[in-house]
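Enquirer: any chance you could fold what I've pasted below:
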Amino acid sequence: MSILTLAGSPAPRSRSSALLRHAAQILRARGLGISELGLRDIPAEELIAGHYTGAAAGALRARVAAADAVLISTPVYKASFSGGLKAVLDLLDEKALAGKVVLPIATGGSPAHLLALEYGLKPVLSALGARHILAGVYATDKQVRVDEAGLAEIDDDVRRRLEDSVDRLSEQVAPRGAIVNEAYDLGRLALAGGFSV
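Expert: Reported below is the predicted structural model:
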């Protein structure tokens, strides 16, 4: 089971990245494998030029392809998700998110920017083949505070909503692995003579 987190903010003390890290910590505590990727992991020249054939773009596509689920976070600027995140998504193949569970996470200056998830980010995710996009988690800047050391204080309401969304994501990805393991265990039992099939 592989889960990729994709941070769409270049800021080291980003609120949206803080929510993404909190979600990743919950998933790690449940024993799920987490791989992290952010804007800073892709050279700016490749993002700006849309260098699809570059090594960083190839590595990005490989990591997305290997993931069962993708958590994507972004700050909302000018009523839309970040341009840096759009540049990253433009480096993916047309159906890169097909068959994956996707959880969008965003932060913005006011509650009105919540619509940036629904009308900005989700259509792009759908264009990339995502058909199972969970209800996004949105928080205002006042609801997530990050100190100089990078430690986040998340309001209880946002924390509950984020944890509920992570629960839903876990339910979507865990059964796949559980079904495979159960079939494997039954097959081993049958081969050992435990029962006939």
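
Enquirer: doesn't His51 make contact with Ala57?
Expert: Yes - at 6.1 Å, Ala57 and His51 qualify as touching, with contact defined as CB atoms under 8 Å. No exception for glycine: its C-beta is placed from N, CA and C like everyone else's.

Enquirer: neighbour count: those two, which is higher?
Expert: Ala57 (20 against 15; other CB atoms under 10 Å).

Enquirer: sec struct for the residue nearest to the spatial centre of the chain, please.
Expert: Central residue of the chain (CA atoms, centre = their mean): Leu71, 0.9 Å from the mean position. Here Leu71 is strand, with the state taken from DSSP: H, G, I helix; E, B strand; the rest coil.

Enquirer: what's the answer for Asp167, then?
Expert: Applying three-state DSSP: Asp167 is helix.

Enquirer: phi first, then psi, for Lys100.
Expert: Torsion angles at Lys100 (phi, psi; degrees, to the nearest 10) stand at phi -110, psi 150.

Enquirer: which residues touch it?
Expert: Lys100 makes contacts with Val64, Ala67, Asp68, Ala69, Val70, Ala130, His132, as judged by CB atoms under 8 Å, 6 or more residues apart in numbering.

Enquirer: Serialize those to a markdown table and add fields for neighbour count.
Expert: Shown next, in a markdown table, are these (neighbours: other CB atoms under 10 Å):
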| residue | neighbour count |
| --- | --- |
| Val64 | 22 |
| Ala67 | 25 |
| Asp68 | 19 |
| Ala69 | 24 |
| Val70 | 26 |
| Ala130 | 21 |
| His132 | 14 |
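
Enquirer: average pLDDT across stretch 38-49?
Expert: The pLDDT scores in stretch 38-49 average 90.

Enquirer: now do the same end-to-end measure for it.
Expert: 17 Å (CA to CA, to the nearest Å).

Enquirer: can you check stretch 91-111 too?
Expert: End to end - CA to CA - stretch 91-111 spans 30 Å.

Enquirer: buried residues of it, list them for me.
Expert: Buried residues in stretch 91-111, counting neighbours by 16 or more other CB atoms under 10 Å, are found at 91-92, 96-97, 100-108.

Enquirer: just those now: which is nearest Ala7?
Expert: Proximity of the buried residues of stretch 91-111 to Ala7 (CB to CB) peaks at Ile105, which lies at 9.5 Å.
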